[in-house]
Every structure is written in C-alpha cells, then in structure tokens.
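In: Sequence plus the predicted model coming up.
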Amino acid sequence: MENKTLYAVAATFDDVNKTIDAVHKVNETGFKEYDVHSPYPVHGLPQAMKLKPSKLGYVTLIFGFAGAIFAFLFMYWVNVIDYPLVVGGKPFYQLPAYIPVMFEVTVLSATVFTVIWMLFIMFKFPNNTHPLLETEYMKKVSVDRYGISIKATDELFDLNRVKDLFKQLGAEEIFEIHFKTEELEYKPKIFDKKFVSFLVLTAVIVSGITYFVLNHLLFMSPFNWMHEQFRVDPQTTTTVFKDNFGMRMPVEGTVSRGHLPYPFKGKPVEAEKFLVNPLVPSKKVLDLGKQKYLTFCSPCHGNFGMGDSRLRGQFPNPPTLHSDRIRNMKDGGIYHIITEGQNVMPGYASQISEEERWAIVHYIRVLLRSVNPKESDLR
Amino acid sequence: MSSELINLQKKDISQKSKLLAFGILGLGLILSVVAYLVDSHRALANYNVIFTFLVSVAVGNLFWFAIEYLSGAVWSTVMRRINEIFISFIPVVFVIGLVILFNTHSIFHWSHEEAVKNDKLLQLKSPYLNEQFFSIRYFVYFILWISFGIFMTKFSLKQDESKDQLLTYKNSKLSAIFIPVFAITLTFFSIDFLMSTEPHWFSTIFGVYYFSGTALSSLAVLTLAIIILHEKGYFGNLLRKDHFYNLGALLFAFINFWAYIAFSQFLLIWYANLPEETFWMIHRWEKGWEIFSFILIFGHFLIPYFALLSQQSKSNLSRLKFMSIWIIAMHYVDLYWLVMPSLYKEVVFGWIEISFIILGIGILFTLFVIRFNKLKNIIPVGDPKLKRSLEFHL
C-alpha cells in the first residue's frame, strides 16, 4: 500500500432496483464525484444521478440531416448537372427515385458519425482508458453486479462515512481502491509504438489474407469448381469426337445462315456497280433501318446524318451524309461502306446483319430526301 | 405491491360522460340519417369509411392483444383490459357492416351486372368479386375475428378469479394461431372493402398498407384511452412514464412503418409506370384530391415523425395524447383517401363527412363507456405477469 493513495471507495449491488435507490440516496447526500457502473444500460440511472440528457442525439440528428441533404445534392448533381441520362423514360430530376438512397445515406451517416463522435469527441479516444478498469471491482460490475464508486476527492468524502452509507444501502461488497499517482496520470499517445505496430500488423495480415484468397486460394482445389466445367471450350480437346478436336470445321460445301461470303472485298467500284438493294422500302423496313441507324451510325454521323454528334471535336470529325457524293452514290456503294468501312470508320459486317445493312441504306435515303426533297415532295 | 392492488377500486365512468357519449352518438345518428336522405350514394361511401375505421380499431386491438401474449410482453399486461374493451366491439362492428352488404350497389362498381357485362376485366374478376362470395367472405372474416376475440378475452377474464397460469399458456397458443389468420383475413378484408371500390386497380402490397394503418390507429386509440383514464385517476398511480414511453415508441415505430409501406407502394407504381396501375395514383393527384395526398404525406408521416422523434416526447403525456388524436384523424383521412376518390372525380368534403365522423366518434365513445362500466377490474389481477408489469421499468 505504500506510495499508493486512496482513489475511491466502491460498492457492488446485486439488484437493479436497489442500485437505483442507492444512487438516489448518494445523490441526495450531496456527493458530486461519484459514478455508477452496470453491465448493461439501465434506464432510470441517468435520472437517479440527475444527469442532463445526453447531447449525442443532436449529433445523430444533425448528421442524419446532413446525410440526407448530401445524398440529395449528390444525386441531383450526377443526374441533372454532370451526366444527364434518361433512365426508364423518367425526367432527369426524379425525387421518388432519390428517396430510398437518401434514406439509406441518412441512416448510414447518422449511425457512423454517432459512433465516431462518441468515441473520439466524447470519450476522447485513445485517452479513454482509466486504471479503474483494471480493478477487481470493475470485473464484477461488468459481469453480473451493479456498482457505485465515490471518489476520494469529493468534498464530503470521509472513508468511514462512505462505508457506512454503502452498508446502509445494502451493498454486497465494499472495495477500497488505491492507485499510484503515475497510474492515474498515465495517458496513452496516439502514436504509441505498440498501437502503431498493431495497426501495421493488422493491415499486413488483412491485406495478405485478401491477396491470398483472391489470387491463390480460389484457384486451388476444391475452391476452383467454377473454373472446371464440363463444356467444351474453344481450343481445347474433347473425347466426344474421334479426332479429339473440340473445335469443328463446317460441313464441306456449306455456309452458315446469314454468313454468305462477301464477294466484293476491297472492290468498292464493282460493289456499287453490281449490288442491288433486295429490300423494298416499306414501313417495317424503314423502322428497322431507323432503329439500327440510331444504334450504330448516329453516335458519329448524328441522329439526322448531319455529322453533328457528341463525338464532333473529340475525334476526326465524322462527315455529314448530306453530301453530293453520298447523294449520287448507288445503294450498293453505301452498303459497301457499311460492310467494309472507310478511312477511320470500321466495317460493321460482324455487328449488323445483311438485311439490316440494306434497311439502313433505305433509311439513309429517307434522311437525304428529307433535307434535299424532290420537287414532287414539295407540292 | 399487493396492498396497492387492493387499494385500486375500479371506478365507473360518470353519468355525465355517459350522457355526453350518448349525445354524440344520437347527434351522429340523426345527422347521418339526414345525410342518407339527402345523398344516399355519398352517405353510404362515408359509411364504408367509418366502418373500415371501426374494423381498424377493433381488430387492430385484437392484434395487439395477441402480440402481447405471443411475445410475452410484460409492460402492457397492466393495460390489457383496455385492449379487451376494444376487442369486444367486434360483434357490434359486424352488425354495422351488414348495412354495407345490403347496399353494395352504391359503393362497389363491380356489383352492377350491366357494368360487368360490358367490361372484360370485371368479367374476369367476377369469380371473386360477386355479391354472394363477397357476403360469404364477410361472414368468414367476422366469425374468425369474433371467435378468437371471444375465446381469448374469456380466458383472460377467467384468470381474474381462477388465477390459473395455464390460461396464459392457452392464450399464447391461440395467439400463435390467430396471427396468420389475422394476416390473411385482414388482407382480403382490405381488398374487399377498400381496394375493390376501384375494381380495375390492383396493388399487391395493399393488405400490408391497410395493416400498417390498422396497427397504428388501433394503438393510437388505445393510447388515447389509457392516457385519458390515467389522467382522470382510473389507474391510480399504477402507470408510470416507462409504460407510456413504450406506447410512444410503438406509435413512432408504426408511423415509420406506415410511411415505409405507403412509399413502397407509390415507388413501385411510379417506377413501373404501367397505365393500369398509375391511373389510381394520378387520380389522387388531381382535381382537388391532391390536398388529401399532401395531408397524408405531411400529417401521416412528417409531422408525427418529428413530434415523436425525441426520447422525452415519447413519455410526455400531453404530447402523446395530442399525437394519438392526430394519428386517429390521419387514419380517417387515409381511409377517406382510399375510398372516396374512386367514387368521385372531384374532391368532396362537407357536412355529410363531418356527420359521419361524429357518428364514428359516438359509436366508439358509447361502446367504450358501456363496456368499461361492465368491467369488474381495470387491470388483469390474475395474470402471472402483472407484478412484473407493475414494476416494469425500461
């Protein structure tokens, strides 16, 4: 006991109602520097201790609001200002769709900031330790007992008086708690060696495990089930066929549907001369052409063939289709350009079927005629 | 503790209040009969609103009663008698609803044969939406609700004398059976009496929507009754802040639940944007009905939400009392908003509505007074949970 001073006298109680009554009594006697410990939050204790209501609720409220406003403004900025995109035919500004996200962000921000605020501002982390936490008394009250401790620095403190008071209130056990002054004044630093090395160790272990799992474990048996499947992959062998080739040649003398070889490869002049549009420009064909044009052609040539798309200025400028060259070109020529490409434009044979290409040609004719009508159209 | 129990003598509600109750009921009856003579169509639609409101209160209390047994809740045991009073309304509500069965033509478009003949959709729905099956369902709902209500309250009352703990166990078992029955019957009830006023429309979440209003409004009525009885001293000093805090917290939770369900229903319809669903919402957003929609958004959610948000407000009796009246009013608006726009293109609200509101208040008040004065004990003195309930603190 030498060079240790009396820090506090503490008592444990075995019943919650008895504790609350005891706290009332301690408070009425006039003690100020006392504290109550319990293994779980007890309603009614703050009232018995005459504590002011916690301010933490306001933090939750403010950060909840802040989260809602942030979520709203962020979505507004994304959807209306920075990158307006039509989703499901709705307007850019669509409050009902924002509300679920606002709700989630409100909850997230309110809870996360409540915990952070409580830990760092109210409990002053990492200075939230106290030698009292290491005592026998604390072991009891963090399991199945309730406890009151009165500090020796309290104005009314008198060892025997306090002990008598606790006995009167029906305390189960009474502890005298002594500490050295160094113990009480000890303050851990944030950059304590142990703490920092623990953080580094945790980071190394977590990232190491993550790396191992994602890059190695998932490729080991038995975790690689998804990689090994019974289907025949390209360029692999199989036992289904006699020659063990997984990839098969087409039957000799045949061509897959819609994949007739193009006879005018690299021959634009011949193509224009000999190719004839097999489709009749009906409404159905033009609708198909319009759809395909808007999907594949409009990103460069613009919705009306003016060459005025978003790409203008960011790329070799796409040409307008309303030129004399195109106007005077036969269907076969346009078809050839779509199929094979021209200058920077790639060929679209692999993406647009033959029929669709011819439909696009019809649709381009419609666009051309809308800008440069025949005299009969104007009448 | 036992001395306290003996000291609590049950007082009867005074003759003055009884007269007031009968006065309101009489006034309501006269006014609504006049309303029926002036505009029978509109009066019956209002009658349907009041009827569904009474079902909310009575059957909702049966739900809370069952929940208490099922969850083994301790805090609410002391107030269970008040619950039982409201449960005992169910047979009366059954009789009240019979009027609608005889007047389906005024409220339900699908009950007109010539309308069904020219409407493919109504023809397809007619195996469910026809008057015979409608009446059968009505009897099934009420037979189930009344029998569960009678059995469970009987056991609870019997316990006062016999002090038999087994009765609590029996009631818990019955509650476990009742909850799924309640879920199914209330869903179909809401479809029959509320959703089918607009027979072309459908919403799969509608049953839950009505349930959220039912649970909320019945809890609000219960809270209001308990607070008034507490203030007039009927409960002595048995009820403490902790009990009221729990009522307030449940009210707050169900305010949120209602908003969550109401918004879910709206969001799905808005997002999918299917004409066969959206017309119902659009109709409630034009020609004056948007006032009621706004009242619901603010009055049914935002205002009570912020009024009951803080911890202190949930055990503040005057606040709680005001908010329960507020929520009861909002549930009426909610039901009005569900039924009336289906029948009237332009907004209607006038003396006819107010006379039916008076009638509803009169029915509730009178039944409460009659039932209360019949009680022997205001608390379930034989319940094994009672001691813990009285000592309850948060």
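Out: Received it, and whenever you're ready, just let me know what you need. Residues are numbered from 1 along each chain as shown, chains lettered A, B, ... in the order given.
In: Now do the same contact list for the residue of chain A most remote from its centre.
Out: Here chain A reaches farthest from its C-alpha mean at A:Asn160, the gap being 60.7 Å by C-alpha atoms, centre = their mean. By C-beta atoms under 8 Å, 6 or more residues apart in numbering or on different chains, the contact list for A:Asn160 is empty. Placement of C-beta: from N, CA and C, glycine included.
In: doesn't it fall inside a strand?
Out: No: using DSSP: H, G, I helix; E, B strand; the rest coil, the secondary structure at A:Asn160 is helix, not a strand.
In: Now do it, the pLDDT please.
Out: pLDDT, A:Asn160: 85.
In: So A:Ser149: helix, strand or coil?
Out: Here A:Ser149 is recorded as strand under three-state DSSP.
In: I'd say it and A:Ala10 touch.
Out: Yes: with contact defined as C-beta atoms under 8 Å, A:Ser149 counts as touching A:Ala10 (3.7 Å).
In: Now the nearest residue to B:Ser135 once chain neighbours are set aside: which helix or strand?
Out: For B:Ser135, ignoring the flanking residues on the chain, the nearest one in space by C-beta to C-beta, 6 or more residues apart in numbering or on different chains is B:Leu101 at 5.5 Å. Under DSSP states H and E, the secondary-structure element containing B:Leu101 is helix B:90-102.
In: what residues does the next helix or strand after that helix touch?
Out: Of the helices and strands lying after helix B:90-102 in sequence (DSSP H and E), the nearest is helix B:104-107. Defining contact as C-beta under 8 Å, 6+ apart, one finds that helix B:104-107 is touched by B:40-41, B:44-45, B:48, B:100, B:111-112, B:131, B:134, B:197, B:339, B:343.
In: my read is B:Ile226 is in a helix, agree?
Out: Yes: using three-state DSSP, the assignment for B:Ile226 is a helix.
In: quick one: it from chain A, how far?
Out: To chain A, B:Ile226 is 20 Å away according to C-beta to the nearest C-beta, to the nearest Å.
In: B:Lys11 too?
Out: 30 Å.
In: What number of residues are in the vicinity of the closest residue to B:Lys11 other than its chain neighbours?
Out: The spatially closest residue to B:Lys11, leaving aside those adjacent along the chain, is B:Tyr234, at 5.8 Å (C-beta to C-beta, 6+ apart). By the measure other C-beta atoms under 10 Å in any protein chain shown, the count of residues near B:Tyr234 is 20.
In: Check B:Ile24 too.
Out: Under the neighbour criterion other C-beta under 10 Å, B:Ile24 is assigned a count of 19.
In: Tell me the secondary structure at B:Ile370.
Out: Here B:Ile370 takes the helix state, with states given by three-state DSSP.
In: Contact partners for the residue of the stretch 201-350 of chain B found nearest chain A?
Out: With C-beta to the nearest C-beta as the measure, the residue in the stretch 201-350 of chain B that lies nearest chain A is B:Trp270; the distance is 5.0 Å. Under the criterion of C-beta under 8 Å, 6+ apart, the contact partners of B:Trp270 comprise A:Pro96, B:Thr278, B:Met281.
In: do the same with B:Leu157
Out: Taking C-beta under 8 Å, 6+ apart as the definition of contact, the neighbours of B:Leu157 are B:Glu84.
In: Work out for me the element the closest residue to chain B within the stretch 1-150 of chain A sits within.
Out: With C-beta to the nearest C-beta as the measure, A:His43 is the residue of the stretch 1-150 of chain A nearest to chain B, at 3.2 Å. A:His43 belongs to no helix or strand when elements are defined using DSSP H and E.
In: right, and it touches B:His393 too?
Out: Yes: with contacts counted by C-beta under 8 Å, A:His43 reaches B:His393, the gap being 6.0 Å.
In: and the residue of the stretch 51-200 of chain B found nearest chain A, what helix or strand is that in?
Out: For the stretch 51-200 of chain B, the residue closest to chain A is B:Trp75, as judged by C-beta to the nearest C-beta, at 11.8 Å. When secondary structure is defined using DSSP H and E, no element contains B:Trp75, which sits outside every helix and strand.
In: just the one 10 residues further on next, same as before
Out: B:Ile85 is part of helix B:80-87, with elements assigned from DSSP H and E.
In: List of residues touching that helix?
Out: B:57-58, B:61-62, B:64-65, B:68, B:76, B:149, B:152-153, B:156-157, B:218, B:221-222, B:225-226, B:229, B:368, B:371-372, B:375, B:377-380, B:383.
In: Let me see the contact set for residue 34.
Out: Here I'm looking at chain A. Listed by C-beta under 8 Å, 6+ apart, the contact set of A:Tyr34 reads A:Val26, A:Ile148, A:Ser149, A:Ile150, A:Lys151, A:Asp154.
In: actually chain B
Out: With C-beta under 8 Å, 6+ apart as the criterion, the residues that contact B:Val34 are B:Ser355.
In: quick revisit: now the residue of the stretch 51-200 of chain B closest to chain A: closest residue in space, sequence neighbours ignored.
Out: Closest to B:Trp75 by C-beta to C-beta, 6+ apart is B:Phe392, at 4.5 Å.
In: separation between the one you found and chain A?
Out: Spatial separation of B:Phe392 from chain A under the definition C-beta to the nearest C-beta is 10 Å.
In: Correct me if wrong: A:Tyr146 contacts A:His37.
Out: Yes: under the criterion of C-beta under 8 Å, A:Tyr146 is in contact with A:His37, at a separation of 7.1 Å.
In: And the two? Which one has more around it.
Out: Looking at A:Tyr146 and A:His37 with other C-beta under 10 Å, you find the greater number of neighbours at A:Tyr146, namely 26 against 20.
In: beta partners of the more buried one?
Out: Using DSSP bridges, the beta-bridge partners of A:Tyr146 come out as A:Phe13.
In: the inter-axis angle of the host helix or strand of B:Ile136 versus helix B:80-87?
Out: Using DSSP H and E, B:Ile136 maps to helix B:131-162. What separates the directions of helix B:131-162 and helix B:80-87 is an angle of 150 degrees, with axes from the mean of the first three to the mean of the last three C-alpha atoms, to 10 degrees.
In: can you pull the pLDDT of A:Met1?
Out: We note a pLDDT of 50 for A:Met1 in this prediction.
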